[in-house]
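*Asks:* dropping a prediction and its sequence here:
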Protein chains: 2
Amino acid sequence: MGSCQHESELAGGVSQRIDTIINHAEQHCKTHGVRLTDKRKQLLSVLIGSEKALSAYELIDLCKAEFGKAIPAMSVYRMLQFLEDERLVHKLNLANKYVACAHISCDHAHSVSQFLICGECSKVDEISVPKQVFAELEKNVEEAGFHLITPQLEINCICNDCKKGNKH
Amino acid sequence: MGSCQHESELAGGVSQRIDTIINHAEQHCKTHGVRLTDKRKQLLSVLIGSEKALSAYELIDLCKAEFGKAIPAMSVYRMLQFLEDERLVHKLNLANKYVACAHISCDHAHSVSQFLICGECSKVDEISVPKQVFAELEKNVEEAGFHLITPQLEINCICNDCKKGNKH
DNA sequence: CATGCAAATGTTACAATGTATCATTTATTA
DNA sequence: TAATAAATGATACATTGTAACATTTGCATG
Ligand SMILES: [Zn+2]
Ligand SMILES: [Zn+2]
Ligand SMILES: [Zn+2]
Ligand SMILES: [Zn+2]
């Protein structure tokens, strides 16, 4: 770790931090020959700016609040699919919510991720699963006659703040 | 392992196997001072008899087919909640589906479960997570400032049959 | 620049999943 | 048996997600 965006809150404030990540995302898309359109960029920036995982309809509300115009649900789901395919966003199936990848600006490879999802406030942390832990899990999966599809662990948690009874 | 219901297909056929498990479930409920009503028993037996995880509405359809009368969705969700609380049934959040616990008839304690869910055919296997693997995961969760709620891992897989292209 | 194509987005109508609320039935207990 | 609590039913609705078709936008080519 060390260069992950969620750990570096340097001078410049939140909006500049978002811009930096968006720049990385644009570079990523250029490299992959796909287009990060304005709408897709709006969605992504809202997700990057959010501490919590957001549902598709929460995203719609936030986009409307921030950019003035409501994006139809159908379009939002399509854009989320695009961002997921590009690995800029992760869908959390446990919660039916979406988060920006925590490693958009990192240069290190994207290893197997484990998502810790607070059931109270939807705060999410994306951490890496140690290689040998994951290898052990995978071995058991194969022995049971299954094969992994999306190597991604999601776990229902409660965060420290919510455990202490803090309101948000 | 060794005495788990899903590994022992002795003489007597499927329906007797289901009866045996239901008997264990009734004993469990008696011990815990709760009631395994007829409706709850119907739901549970349909789940036990199913190879696949079932959605609430699939359960409604199967109950109607088998017992003649449709159970309202509201009631089904309440009964599923009851069965979940009694640990007779597990909800798979990844798939929004339900499975009977694979260990209702086992005498050994119910350890941390990992559910392998085939995305094609919804076949599910409930296997145990090795203690030390789970301990490692939990350590990382705590270090990230979260606490586990429901120690249950769910992973999107594809089963051998579906991988080979078999239809069901 | 005009034109034509493909990608992206919008619109409408719906399907699927889940719940809040209040009414009714069933079981337990006094 | 009457009172009480637990379980189930009925209705209406909220949330999440998608299919099908229309429209707009970006881009290449003549
Ligand atoms: Zn990521
Ligand atoms: Zn929290
Ligand atoms: Zn179980
Ligand atoms: Zn399968």
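*Replies:* In hand now; what should we look at? Ligands and ions are numbered 1, 2, ... in the order given.

*Asks:* need the longest strand for chain A.
*Replies:* In chain A, taking DSSP state E as the definition, the longest strand is strand A:152-159.

*Asks:* any idea of the mean pLDDT in that one?
*Replies:* Taken as a whole, strand A:152-159 has a mean pLDDT of 93.

*Asks:* chain center to the helix or strand following that strand: distance?
*Replies:* Using DSSP states H and E, the helix or strand that follows strand A:152-159 in sequence is helix A:160-163. How far helix A:160-163 lies from its chain's middle: 21 Å, per CA atoms, centre = their mean, to the nearest Å.

*Asks:* what is helix A:160-163 packed up against?
*Replies:* Judged by 3 or more CB pairs under 8 Å, 6 or more residues apart in numbering or on different chains; DSSP states H and E, the packing partners of helix A:160-163 are strand B:146-148. Every C-beta, even on glycine, is put in place using the N, C-alpha and C of the backbone.

*Asks:* how about the strand it packs on against chain A, any contact?
*Replies:* Yes: for strand B:146-148, a contact with chain A is found by CB under 8 Å from any CB of the partner chain, at B:146-148.

*Asks:* among those residues, which one has the most neighbours?
*Replies:* Neighbour count (other CB atoms under 10 Å in any protein chain shown) singles out residue B:146 as the most crowded of the residues of strand B:146-148 next to chain A, with 25 neighbours.

*Asks:* now the strands for chain A?
*Replies:* For chain A, strands defined by DSSP E occupy the ranges A:89-92, A:97-100, A:113-118, A:124-128, A:146-148, A:152-159.

*Asks:* can you check which helix is longest in chain A?
*Replies:* Criterion DSSP state H: the longest helix present in chain A is helix A:13-32.

*Asks:* flag every buried residue along that one.
*Replies:* By neighbour count on 16 or more other CB atoms under 10 Å in any protein chain shown, the buried set for helix A:13-32 is A:17-18, A:20-22, A:24-25, A:28-29.

*Asks:* how about these in a markdown table, adding distance to ligand 3?
*Replies:* Below are those laid out as a markdown table (distance: CB to the ion, whole Å):
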| residue | distance to ligand 3 |
| --- | --- |
| A:17 | 43 |
| A:18 | 43 |
| A:20 | 46 |
| A:21 | 41 |
| A:22 | 44 |
| A:24 | 43 |
| A:25 | 41 |
| A:28 | 41 |
| A:29 | 43 |
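
*Asks:* hang on, the earlier thing: got CSV for the strands of chain A, with distance to chain B too?
*Replies:* Shown next, in CSV, are the strands of chain A (distance: least, CB to the nearest CB, whole Å):
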stretch, distance to chain B
strand A:89-92, 10
strand A:97-100, 12
strand A:113-118, 4
strand A:124-128, 5
strand A:146-148, 4
strand A:152-159, 4
